[in-house]
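A.B. asks: Provide a 3D model corresponding to the input given below.
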Amino acid sequence: MRVPGKALALALGASLLASGALQAESRIVTSIKPIELIVKAIATDNMETTSLVPPGSSPHNYTMKPSQRRALENADVIFWVGPDMETFLNRLLAGQEFSSRTVALMDAEHESEETGHDHNEHAQDHHGHEHDPEEETRKEERHDHGHGHDHGDGEDPHIWLDPELAIDMAETIRDALSALDGVDTAALNENFRKFKDSVRKTDGVIRDRLAPAHEISLFAYHDAFTRFAEHYDLKLDGVLTLNPELSPGARHIAEVQEKLRNANHPCLLTEPQFNRQWWRSITEDLDVTFSTWDPLATDIEVTPDGYNNFQQSIVDAVLKCLPEDAEH
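C.D. replies: Here you go, the predicted model:
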């Protein structure tokens, strides 16, 4: 998912020329907290990070405050998933004022694939990394498995929920931060290495923890959970709404209710950003258990290990669906 060096130069060069030398502390703005968790793992100590969407809000329909607009104006780099996720930022970040210092992480992934960019060549020539055949095999398998997922009119934008895609995001973030003046590229490279190693170690732990949950029929409020479920081979048997901004039709609700009736110990994974009463009405008189997970990592502390803690919090939510721990 790395942004090619030429693209980074074009994306960030204009803002650097306009602003002159950077201050000692680089200012990084992220759209949502999960991205900030990844940025925090890669950034050096003299980089300040912040996210726009506050706890309890959804990036699908958030209204930005004037103070947050000012934070964007003062940012050296802005990271977001892209126009399919943070719809409230589409028009603003596409404008001339911000586009030169904005990195859309899904766009970076697509650009790398479409141009046939050689990740290993770029890493060796520009960042001193060695070729890793095992890494390339993982990427090929991941792209074959996950990139065809349909998210309404396009690809599922919840890319941070797949740990391998999170590593790709971290690589893009590392490259973007390395393009800034006066940064410690060796430290950024080392932070990326540590992040990649820790995420893969945590991935193994999570697979062991989720072993008892493989036979449970999981249902989700919307498709944010899909990438996590696919990565860990969980049974996601239904999604209440394909678009959280719109109420589902009666036919779709009826289909989901029928799946719930026929499921093996069905558990509905709810989200704190959306109205609880709505899905309570859909599941009334059905034998369904509930557990709450948070795709936006509201209660996770922003630390270098925050992303791994976030992934573990999702596991905690899934394990609460087990019969002995279930909440009806």
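
A.B. asks: Can you show me the strands along the stretch 201-328 of the chain?
C.D. replies: If you assign secondary structure with DSSP state E, counting those that start in this stretch, the strands in the stretch 201-328 of the chain sit at 218-220, 236-239, 267-270, 289-292.

A.B. asks: can you put those in a markdown table and add distance to A71?
C.D. replies: Placement of C-beta: from N, CA and C, glycine included. Formatted as a markdown table, the entries for the strands of the stretch 201-328 of the chain read as follows, by distance: least, CB to CB, whole Å:
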| stretch | distance to A71 |
| --- | --- |
| strand 218-220 | 32 |
| strand 236-239 | 34 |
| strand 267-270 | 31 |
| strand 289-292 | 29 |
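
A.B. asks: Rebuild those as CSV, extending it with mean neighbour count and distance to L161.
C.D. replies: Listed next are those as CSV, based on neighbours: other CB atoms under 10 Å; distance: least, CB to CB, whole Å:
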stretch, mean neighbour count, distance to L161
strand 218-220, 23, 11
strand 236-239, 18, 12
strand 267-270, 24, 12
strand 289-292, 17, 16
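
A.B. asks: can those go into TSV with extra columns for distance to P304 and mean pLDDT?
C.D. replies: Formatted as TSV, the strands of the stretch 201-328 of the chain follow (distance: least, CB to CB, whole Å; pLDDT from 0 to 100):
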stretch	distance to P304	mean pLDDT
strand 218-220	29	92
strand 236-239	30	90
strand 267-270	27	91
strand 289-292	26	92
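
A.B. asks: out of those, which comes closest to M47?
C.D. replies: Across the strands of the stretch 201-328 of the chain, the minimum distance to M47, taken as CB to CB, is reached by strand 289-292, at 32.3 Å.

A.B. asks: hmm, back to that, of all the strands of the stretch 201-328 of the chain, which one is nearest E324?
C.D. replies: Set against E324 and scored by CB to CB, the strands of the stretch 201-328 of the chain come closest in strand 289-292, at 11.0 Å.

A.B. asks: OK, contacts around S217?
C.D. replies: By CB atoms under 8 Å, 6 or more residues apart in numbering, the contact list for S217 reads 235, 237, 259, 263-267.

A.B. asks: how does it look with 6 Å?
C.D. replies: With CB atoms under 6 Å, 6 or more residues apart in numbering as the criterion, the residues that contact S217 are 235, 237, 263-264, 266.

A.B. asks: Could you do P54 as well?
C.D. replies: Contacts of P54 were listed using CB under 6 Å, 6+ apart, and none were found.

A.B. asks: Pretty sure it sits in a helix.
C.D. replies: No - the assignment for P54 by DSSP: H, G, I helix; E, B strand; the rest coil gives coil, which leaves it out of any helix.

A.B. asks: Number of residues surrounding the nearest residue to R261 once chain neighbours are set aside?
C.D. replies: Nearest non-adjacent residue to R261, counting by CB to CB, 6 or more residues apart in numbering: L286, 6.4 Å away. L286 is flanked by 12 other residues according to other CB atoms under 10 Å.

A.B. asks: What does the pLDDT read for G306?
C.D. replies: According to the per-residue confidence, G306 scores 98 in pLDDT.

A.B. asks: my read: it touches L37, true?
C.D. replies: Yes - using CB atoms under 6 Å, G306 makes contact with L37 at a distance of 3.9 Å.

A.B. asks: which one of those two has more residues nearby?
C.D. replies: Counted by other CB under 10 Å, G306 and L37 do not tie: L37 has more neighbours, with 27 against 20.

A.B. asks: Contacts for the helix or strand hosting that one, please.
C.D. replies: Using DSSP states H and E, the element containing L37 is helix 33-42. By CB under 6 Å, 6+ apart, the list of residues contacting helix 33-42 from outside reads 28, 30, 49, 51, 79, 160, 166, 169-170, 173-174, 191-192, 195, 296-297, 302, 304, 306-307, 310.
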